[in-house]
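[1] With the sequence up front, the predicted model follows.
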Amino acid sequence: MSAGAQQSKHRPGALKQQNKSHKHGKHKSKGSIDNEHGGRISGSTVRGKKHFVVSRADRKNQLHQLRSQKRLSVVEKKRAVGHADGAPFLVSLVALSADVDPAELLELVKRCDDGLDISCSDMGIVHIWFPRFKTRYAFHVPSRGDVTSVLDSAKASDVVLFLLSADGGIDSAGSALLSMLMAQGLPSPMFVVQGLTGLRKPAEWKRNLQRLIDDRVPDARLLCVDSTQDAVLLLRRIREQHLTELSVRQVRPYLMADRVQFDAESEQSVSGTLRVSGWLRGKRLSANQLVHVVGCGDFSILRIEDGQGRLLQEADPSEQVSLQAEANVDGMDAEQTWPTEEELQEAMEEQPRRRKVPKGTSAYQAAWLDEDEEAQSGEEAGARSEEDDEEELVSLEDEQKEKDEDDDEESAEQRERDELLFPDEVDTPRGVAARVRFQKYRGLKSFAHTPWDPMESLPSDYARIFRFANFERARKQAFHWQPEQGAEPGWLVTVWLRDVPRHWMDSYRPGRPLVVCGLLPHEQQMSVVHAVLHKGSDQPLASKTPLVLQCGFRRFRCRPIFSEHYRGNKQKWLRFFPPEGVCVASTYAPILFPPAPVLAFKELSDGSLELVATGSLLSVSPDRVIVKRTLLSGIPAKMRGKTVVVRQMFYNREDVDWFTPVELRTKHGRKGHIKEALGTHGAIKCLFDRPLQSQDTVLMPLYKRIFPPWSYEQHTGPAPLENMMAQ
């Protein structure tokens, strides 16, 4: 027997350690379950999506069905416009040169076939029915001298037909007009030239014009229309043209008026009913939703009729959307107590007494006058008539206004240069304590990471606006919303609008395009709107400058503030629009869901508009924190290692004690803090992380949240293009 077999097995003794078993709770452990089943697996239901094996023939059939559905949808969209039973192709004729006349091209189109059925509406829109193509066309020629007319006509058009000069191409005014249309959102463009056959080497002229077009609008072809056959080919091209879908028009109903009629109860009434007839496009329009008339405002619908005057839908007062644009503000909502009569009487007695002094008396001289002298001078001053005082006041105001207008441009350019050289730097005032002048400012440890409560110290205007708990969810719900009943797109309808002001109809000029757009839910309510803009002018543009903004179908006056565009919990306010890059313009305006193009115009003294910036809508959010930064600067007077004595940042010891907790920094990147005040004239001893250079400047950054001014106003006036180009 071997040695391994004779060796005995070890047996544990009585003192062996016994470990506690694992406490697996009330349920069975995995090991006990495996022991009970003995490796058997119980049948269980499969959760989630079932995966079926699809054969190759079924996959081919699915792909074929998807292609058929897409093709059918494309054909339906194409047949919805220009068909005998649908809306006509709306074509806007825009001349890009002063040498061409769109009326000549329109007359050539009218004579291209003997079977054309031609009619003209009250608004100047020429309707053409072409039996050979079984297609309907509608041509509109906006006034080239009116920028707003061209922009409004292109908003509702299916095709924009640009006319070029044979020898000149595009002039400066036409180039500016083309830039505006491209920034607004250009529908399907087409370029036409006339008179090439009369020039020498017409093929070379055409190639030059085609290169000019390719630089501005790629993939656009130039058509020569000099005969009736060319006009027929032009109509065929319009019929077969791929229609560009603009995002701002896909989710909203809109129409361009063919006929407008205003009905008032009497000649003294300030408002009346406006009947607008036209071809509905886009989405379904309900009588219970609100509409926006471009250049006029928001209105509610009274009823909708078809082309024969039959009632399609009448507004239901219980379901109609309210025109309330601002929230109800309770002025006593924040009040806790009401002053007593004694407190009111004391407040009235504490009001300063007005004193009558002779003309030309300064405030210093008036302070030394006795009461008797005041009474005598008051009698002498009372001898003058109130009319002379008013005339003198008006003349002084006019002189000051003219002086301000003359120096405005030069001062703006100088302030912009100073801002580029010394950004956000201000001089500490000597006559006012810094702790009083900058009492609304605060210091931040880190501008990017220090939190800032967006609901802190809000102005009273925030009680008038609306905000969303989740803006993205509200935007998706608004885009998917569609009324159950109403007029379908492609119908000829007459929309009755109630309470339209008479003064707008009196100022309305016949021939200008009138565009009516349906509003989505909440788009009549006021909020804080932000738009990303890119500067398109060399002139300085300061924050709170009066501008005319065009957001989608809306056009209004406002005074936006500019801020930087980056991700973060707060954005820095900009005093001037940066010459390069983009910035965000914020203002109070009606809610508009993006995407939507934005154009910023500067209104000149003669009423013309100058394009200064273009961009798109960013968001609608009152919670965007815009912070103004102010840098108080000081000069290093004595330096010894990391310790520096700084002067001319403050001028009294109390200000130094007030701003001691605020961190300091320099233009060369050094960081430090105030140790103590030296003397009584504002000198401070500072300690920095590194020694300073002699040419360095010590800065104290202070921050304050700012808000845009409430300056929303509907823009209604036309804008001459010639005056704009002259400027």
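    Good, I have the coordinates.
[2] Looking at strand pairing, list the partners for L632.
    With DSSP bridges as the criterion, L632 is bridged to V426, M700.
[3] wait, what's in contact with it?
    Counting by C-beta atoms under 8 Å, 6 or more residues apart in numbering, L632 makes contact with V426, T428, A434, F438, M649, F650, L699, M700, L702. Just so you know, the C-beta spots here come from the backbone N, C-alpha and C atoms, and that holds for glycine as well.
[4] Show me where the stretch 251-400 of the chain has its helices.
    341-349, 363-367, 371-382, 386-421 (DSSP state H, counting those that start in this stretch).
[5] Distance to D306, pLDDT and neighbour count for the contacts of L632 - can I get that in TSV?
    Output for those, formatted as TSV (distance: C-beta to C-beta, whole Å; pLDDT from 0 to 100; neighbours: other C-beta atoms under 10 Å):
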residue	distance to D306	pLDDT	neighbour count
V426	65	89	13
T428	71	88	19
A434	71	92	24
F438	65	93	21
M649	75	92	23
F650	76	93	26
L699	70	94	17
M700	70	94	25
L702	64	95	21
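[6] and which of those residues is nearest to N470?
    L702 (34.1 Å; C-beta to C-beta).
[7] which residues of this structure score low on pLDDT?
    For the chain, the stretches flagged by pLDDT under 70 are 1-8, 39, 41-52, 331-338, 350-410, 717-727.
[8] Find the residue closest to the residue nearest to the spatial centre of the chain in space, skipping its chain neighbours.
    The centroid of the chain falls nearest to A531 when counting by C-alpha atoms, centre = their mean (4.1 Å). Leaving aside its chain neighbours, A531 sits nearest to V598 (4.3 Å; criterion: C-beta to C-beta, 6 or more residues apart in numbering).
[9] Quick check: the one you found touching L547?
    No. In this structure, V598 is not within contact of L547 by C-beta atoms under 8 Å, at 10.7 Å.
[10] The closest residue in space to D101 that isn't next to it in sequence bridge partners, please.
    In space, and not counting its chain neighbours, D101 is closest to A95: 7.2 Å by C-beta to C-beta, 6+ apart. Counting by DSSP bridges, A95 is bridged to L163.
[11] State the distance from A95 to I238.
    18 Å (C-beta to C-beta, to the nearest Å).
[12] Compare the two (neighbour count), which wins?
    Using other C-beta atoms under 10 Å as the criterion, A95 and I238 rank with A95 on top: 25 against 22.
[13] residues contacting that one?
    A95 neighbours (C-beta under 8 Å, 6+ apart): D101, P102, R144, F162, L163, G174.
[14] Surely the third one touches V150?
    Yes. Between R144 and V150 there is a contact at 7.0 Å, judged by C-beta under 8 Å.
[15] Surely H27 forms part of a helix?
    No. H27 is assigned coil when assessed by DSSP: H, G, I helix; E, B strand; the rest coil, not a helix.
[16] isn't V644 right up against V698?
    Yes. Between V644 and V698 there is a contact under C-beta under 8 Å: 7.2 Å.
[17] Quickly list what's touching both of the two.
    Counting by C-beta under 8 Å, 6+ apart, the residues touching both V644 and V698 are P636, G672, C686, L692.
[18] Most neighbours among these, please name it.
    That'd be C686 among those, by other C-beta under 10 Å, with 24 neighbours.
[19] Secondary structure element holding it?
    strand 683-688 (DSSP states H and E).
[20] what does that strand rub up against?
    634, 637, 642-647, 649-650, 656, 664, 666, 670-678, 698.
[21] Try it again at 10 Å.
    634, 636-639, 641-651, 653, 655-656, 659-660, 664-666, 670-678, 692, 696, 698, 700 (C-beta atoms under 10 Å, 6 or more residues apart in numbering).
[22] Mind giving me the ChimeraX command for buried ones among the residues you listed?
    Here is the ChimeraX command that selects the buried residues among these (16 or more other C-beta atoms under 10 Å):
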select :634,636,639,644,645,646,647,648,649,650,651,653,655,656,659,664,665,666,670,672,674,677,678,692,696,698,700
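[23] thought L312 was touching R284?
    No. Checked against C-beta atoms under 10 Å, the pair L312 and R284 is beyond contact range at 11.1 Å.
[24] ok so K602 is a strand residue?
    Yes. Counting by three-state DSSP, K602 falls inside a strand.
[25] what's around it, how many residues?
    So K602, with other C-beta under 10 Å, has 19 neighbours.
[26] Can you name the residues bridging to it?
    Where K602 sits in a bridge, its partners, by DSSP bridges, are E610.
[27] any idea how far it lies from A183?
    15 Å.
[28] Repeat that for S507.
    27 Å.
[29] residues bridging contact with L312 and R284, i.e. touching both?
    By C-beta under 10 Å, 6+ apart, the residues touching both L312 and R284 are Q485, G486, A487, E488, W491.
[30] Would you list the buried entries among the residues you listed?
    Using 16+ other C-beta under 10 Å as the threshold, G486, A487, W491 are the buried ones among those.
[31] out of these, which one sits closest to S157?
    Among the buried ones among the shared contacts of L312 and R284, and counting by C-beta to C-beta, the member closest to S157 is W491, at 18.6 Å.
[32] residues touching the residue nearest to that closest one when sequence neighbours are not counted, list them.
    Nearest residue to W491 in three dimensions, chain neighbours excluded: L280, at 5.3 Å (C-beta to C-beta, 6+ apart). Going by C-beta under 10 Å, 6+ apart, L280 touches 87, 253-255, 304, 486-493, 495, 516, 518.
[33] Only the buried subset of those residues, as a PyMOL command please.
    To isolate the buried ones among the contacts of L280 in PyMOL, judged by 16+ other C-beta under 10 Å, type:
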select buried, resi 87+253+254+255+304+486+487+489+490+491+492+493+495+516+518
